[in-house]
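[1] Pasting the sequence and the predicted coordinates here, then a few questions.
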Amino acid sequence: MRAIHATAAGGPEVLSVVDLPDPVPGPRDLLVEVAAAGVNFIDTYQRGGVYPMPFPHVPGSEGAGRVLATGDAVTDFSPGDAVAWAAAPGSYADQVLVPADVALPVPAGLDLVTAAALPLQGMTAHYLVTSTYPVQDGDDVLVHAAAGGVGLLLTQMATARGARVIGTVSTLEKEVLAREAGAQEVIRYTELDDLDTELPAQVRELTGGRGVHVVYDGVGRTTFDASLASLRRRGMLVLFGGSSGQVPPVDLQRLNRAGSVYVTRPTLGHYTADRAELLWRAEEVFGAVVAGRLRARVGATFPLAEAAEAHRALEGRATTGKVLLLT
């Protein structure tokens with residue numbers, strides 16, 4: 001089978017196409033023919049050496065496809081079934097082994113390309129608005145990178161729960177997408193001279209001086225200070241990613257001075273720790289898309305062999321919505 005190898009820690013140029021033996025499923029594995037694989041920032045962190053990984057390795061952990069074969073102990077999936085996943089290492093390939101415990105049934109009415117766009121970003125948006133900070137009717141919510149993959153889904157979900165979403169974006173094109181997703185207010189941070197002071201000032205002007213109930217921040221280093229300053233008293237900063245880099249250590253007294261605010265750093269694995277919770281989140285996200293209540297935007301697709309270009313586009317902030325590799 002074809003696969004992508006990250007040959008050493010480095011930039012996108014370390015990604016290359018290789019031929020590898022077809023995988024053989026273990027007792028609790030599904031052998032899946034990959035239709036599409038998700039491209040995510042964690043893949044770039046692992047490729048770049050930010051997160052320790054063995055080299056060479058096949059990047060990717062997300063995708064969708066059809067089951068080719070199952071291990072002897074698998075009872076809940078059969079060859080031909082459509083499945084998706086968020087946690088199957090080695091997904092940048094024609095075939096991948098997906099542990100049955102993390103496989104997600106794809107419902108009728110949901111095509112495999114759209115299904116591949118949903119597991120990681122869709123379930124992330126779901127746990128953020130339902131569990132980390134359960135958004136309530138009337139809340140003011142600040143969503144950074146509101147035209148990104150998680151941002152568009154977050155904006156739709158928070159709006160559906162009755163929140164007023166203030167989104168940040170970099171361009172007019174992305175502002176249009178954020179507004180289409182339900183953002184009532186949009187701030188183009190590229191037009192600000194000083195993000196740390198001007199963004200919180202605009203947020204407070206939009207909220208009668210109070211600030212927002214919650215900030216969903218997947219950007220990290222460049223937005224953290226502005227996010228903290230945008231909170232109302234006892235508000236919550238949810239730092240769920242670091243696309244601009246990781247946030248340096250923080251003096252906890254800053255939380256006191258900001259108004260007894262909260263900061264949390266969640267991750268999807270802790271919100272899908274058991275099979276029942278994983279399936280609940282996936283079923284809600286997939287079901288909302290099938291019912292037309294949630295739109296998944298696939299902003300860019302690349303052939304599997306062009307994984308390096310997909311990484312360049314993602315890291316260069318040249319994409320909106322979800323980036324996928326098609327096999």
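    Perfect, thanks for sending it.
[2] which residues in the stretch 1-150 of the chain form helices?
    Listed in chain order, the helices of the stretch 1-150 of the chain (DSSP state H, counting those that start in this stretch) span 41-48, 112-116, 119-127, 149-160.
[3] Now do the same contact list for R233.
    Each residue near R233 by Cβ atoms under 8 Å, 6 or more residues apart in numbering is listed here: 210-211, 259-261. Yep, even glycine has a C-beta here, placed from its N, CA and C like the rest.
[4] try 10 Å
    Contact partners of R233, counting by Cβ atoms under 10 Å, 6 or more residues apart in numbering, are 210-211, 258-261.
[5] Just the buried residues of the residues you listed.
    Buried subset of the contacts of R233 (neighbour count, 16 or more other Cβ atoms under 10 Å): 211, 258, 261.
[6] Sitting in helices, which of those residues do you find?
    The helices, defined by DSSP state H, take in nothing from those.
[7] which one of those is nearest R293?
    Ranking the buried ones among the contacts of R233 by separation from R293, with Cβ to Cβ as the measure, puts G211 on top at 29.3 Å.
[8] hang on, isn't that closest one packed against Q202?
    No. Between G211 and Q202 there is no contact, the gap being 11.2 Å when judged by Cβ atoms under 10 Å.
[9] joint contacts of the two?
    Contact criterion Cβ under 10 Å, 6+ apart; residues shared by G211 and Q202: S230.
[10] I'd assumed V39 was in contact with L324.
    Yes. L324 sits in contact with V39 when judged by Cβ under 10 Å, with a separation of 6.5 Å.
[11] Give me the common contacts of the two.
    Residues within reach of L324 and of V39 at once, by Cβ under 10 Å, 6+ apart, are 62-63, 300-302, 310.
[12] Next up, the contacts around A3.
    By Cβ under 10 Å, 6+ apart, the neighbours of A3 are 16-21, 23, 34, 56-60, 90-96, 304, 307.
[13] Apologies, that question was intended for A310.
    A310 sits next to 4, 12, 15, 37, 39, 43-44, 92, 300-304, 319, 323-325 when contact means Cβ under 10 Å, 6+ apart.
[14] Let me know the helix or strand that it is in.
    Assigning secondary structure by DSSP states H and E places A310 in helix 307-315.
[15] Check which residues of that helix are buried.
    Buried positions in helix 307-315, judged by neighbour count with 16+ other Cβ under 10 Å: 307-308, 310-315.
[16] Tabulate these (JSON lines), appending distance to L206 and pLDDT.
    Listed next are the buried residues of helix 307-315 as JSON lines, based on distance: Cβ to Cβ, whole Å; pLDDT from 0 to 100:
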{"residue": "A307", "distance to L206": "40", "pLDDT": "98"}
{"residue": "A308", "distance to L206": "40", "pLDDT": "98"}
{"residue": "A310", "distance to L206": "35", "pLDDT": "98"}
{"residue": "H311", "distance to L206": "35", "pLDDT": "97"}
{"residue": "R312", "distance to L206": "35", "pLDDT": "96"}
{"residue": "A313", "distance to L206": "32", "pLDDT": "94"}
{"residue": "L314", "distance to L206": "30", "pLDDT": "92"}
{"residue": "E315", "distance to L206": "31", "pLDDT": "90"}
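[17] Quick check: of these, which lies closest to A73?
    The shortest distance between A73 and any of the buried residues of helix 307-315, using Cβ to Cβ, involves A307 and amounts to 32.5 Å.
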